[in-house]
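Engineer: Predicted structure and sequence below. I'll ask about it afterward.
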Amino acid sequence: MNNDRQKKHRSWVDYVLVSSIFTLTVLIGIFIFTNGDSKFQSSISAKTKGEIVNDTQKLLSETKSEFEDIQIVTETSEDPTMPYTLYYPKTKFEQVNKEISQYITKSKENYFNAVRLYKNAHPDKDVVGKYQLFLDIHEHNNSYYSIVFKNKLTVDQANYDISYQTYIFNNHSGELVSTYQLFNQKTENLEVFSKYVKNQLTKNLGKNVYTDKLDSSTAPYWKNYKRLAIINDRLVVYYNSGEIADPSAGTPTVIVPMSYLNPILADSFRTSAISKETIIPVKPTGTGKRVALTFDDGPHEKVTRQILKTLNKYDAKATFFMVGRRVPNNTKLVKDIYNSGHEIGNHTWNHPKLTSLTSKQVMSQLDSTDDAIYKAIGQYPTVFRPPYGAKNKRVTDLIDVPVVMWTIDTLDWKHRNANKLLPMVKNNLHNNAIILMHDIHQSTADGLDSVLAYLQKEGYECVTVSEILASQK
């Protein structure tokens, strides 16, 4: 009997004890989940917002931006060896979000791979990476958003990479805007812009520039101009660290007022602001006097260089009809001529009389020279002059650029006398004259200064052949 009572007493005590523990546990749980400062509660909340990626916790949050139709997503990972912090937009347009999502995914993969490669190369080091993706958003004409991503990726506390990615899209339709659309779907507009960009970078970067990389990166191909943004009525072109210059030069940019670019922009991107100067100068109206100085048979390292210096002294432009075989050994000189704003024409490969050649031979002369000039400056020649002026319909039908002759022959090739150059110009001068000279004769280089001084005194502007031709249409 006593044993039964003892068993019942222990059972009752056990029941009370278990009930008390359960009640206490419930009370503790209520306290934890109602206390906003609880670390445990924060951890649970974080896990419900995040997901497991590469065995680490990826945390996502969204906040409002200054633009009511864009949310800013903050994505972080506290992986001890590959942490990152990313900021990117979430728009109301599926296509825009898809493009950005693909970019984010690719960027993270590049980061993870960079850290892994560095670890494999340094197995004895405790490698720690760091990746930050910064975001800027800008609006233009109440119709377009520019998204600018700046990537900063470091590995083992060393600066590993800084790069950019941009998107421009219509904030009404969600249509992504290409450079092709921005420049009014005209290749000639891109050619004008690319030349401007190259000149600005050459001037700004100086000795830090990688010439070959600059040439290829600024060539007038649409694929070269994908990192653009419109910021405060200015078009910004971005280049990555080490892409076109020594990394010590940072991340080069070219910033151009949209008003300056108005002539080459599509209508919806033009600004109401008026610029006194534009990327395509407005041709003067009225009866201004102009001449075109043309130089055949070069380039010649010494003579052409002297002529170029004299032209620059008087801010005079000219057209150089180049013999193709001379170009490969003078590429720097050819680039200097082109970058100084002068026009470059085709004068065949080795100066034959074209009317004596077959059509196939004529095309070979033209194409080989075109290719040599393109390799030097990234542009094909815009005009052609036949050696000795020898042409006929069969020859001219093979040529797809203007065939340019002359109206004044200085006979510098015959006299080889610097003192006779100016009299030949004076005695035959007229408005819109096309003056023939040769940049392979030292006497021509020596006599040019007096010719330019006279033309300037008489109020003549020295322009390219194409400008003369355009005024005669």
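Structural biologist: Happy to help now that I have it. Numbers count the residues shown, from 1 in each chain.
Engineer: which stretch of helix or strand covers the closest residue to Ile104 other than its chain neighbours?
Structural biologist: Take Ile104 and drop its neighbours on the chain: the residue closest to it by C-beta to C-beta, 6 or more residues apart in numbering is Tyr88, 5.8 Å away. All C-beta spots, glycine's among them, are computed from the backbone N, C-alpha and C. Under the criterion of DSSP states H and E, Tyr88 resides in strand 84-90.
Engineer: Just the buried residues of the helix or strand just after that strand, please?
Structural biologist: Downstream of strand 84-90, the next assigned helix or strand under DSSP H and E is helix 94-121. The neighbour-count check on helix 94-121 (16 or more other C-beta atoms under 10 Å) flags 96-97, 99-100, 103-104, 107-108, 111-112, 114-115, 118-119 as buried.
Engineer: Leaving out the residues flanking it, which one is nearest to the residue nearest the centre of the chain?
Structural biologist: Centre of the chain computed as the mean C-alpha position; nearest residue by C-alpha atoms, centre = their mean is Tyr225, 4.3 Å away. Leaving aside its sequence neighbours, Tyr225 sits nearest to Thr179 (C-beta to C-beta, 6+ apart; 4.5 Å).
Engineer: could you measure that neighbour against Thr187, distance?
Structural biologist: Computed with C-beta to C-beta, to the nearest Å, the distance linking Thr179 and Thr187 is 11 Å.
Engineer: neighbours around Asn419, how many?
Structural biologist: Neighbour count of Asn419, defined by other C-beta atoms under 10 Å: 11.
Engineer: Could I get the contacting residues of the closest residue to Gly129 other than its chain neighbours?
Structural biologist: Closest residue to Gly129 apart from its sequence neighbours, by C-beta to C-beta, 6+ apart: Val115 at 3.9 Å. For Val115, the set of contacting residues under the criterion of C-beta atoms under 8 Å, 6 or more residues apart in numbering consists of 81-82, 127, 129, 155.
Engineer: Equivalent analysis for Leu354, please.
Structural biologist: Contacts for Leu354 (C-beta under 8 Å, 6+ apart) come out as 348, 362, 365, 386-387, 390-391, 395.
Engineer: And the contacts of stretch 450-467?
Structural biologist: Around stretch 450-467, the neighbours that count as contacts under C-beta under 8 Å, 6+ apart are 283, 288-294, 310-311, 313-314, 316-319, 342-343, 345, 382-383, 402, 404, 421-422, 425-426, 429, 434.
Engineer: Could you give me the buried positions within it?
Structural biologist: Within stretch 450-467, the residues that qualify as buried by neighbour count (16+ other C-beta under 10 Å) are 450-452, 455, 460, 462-467.
Engineer: Distance to Leu214 for those - can I get that in JSON lines?
Structural biologist: Putting these into JSON lines (distance: C-beta to C-beta, whole Å) gives the following:
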{"residue": "Ser450", "distance to Leu214": "37"}
{"residue": "Val451", "distance to Leu214": "34"}
{"residue": "Leu452", "distance to Leu214": "31"}
{"residue": "Leu455", "distance to Leu214": "34"}
{"residue": "Tyr460", "distance to Leu214": "35"}
{"residue": "Cys462", "distance to Leu214": "29"}
{"residue": "Val463", "distance to Leu214": "28"}
{"residue": "Thr464", "distance to Leu214": "24"}
{"residue": "Val465", "distance to Leu214": "28"}
{"residue": "Ser466", "distance to Leu214": "25"}
{"residue": "Glu467", "distance to Leu214": "27"}
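Engineer: Mind giving me the packing neighbours of the one helix or strand Leu205 maps to?
Structural biologist: Of the helices and strands defined by DSSP H and E, Leu205 is found in helix 187-205. Packed against helix 187-205 by the contact rule (3 or more C-beta pairs under 8 Å, 6 or more residues apart in numbering; DSSP states H and E) you find helix 211-218, strand 253-257, helix 331-339.
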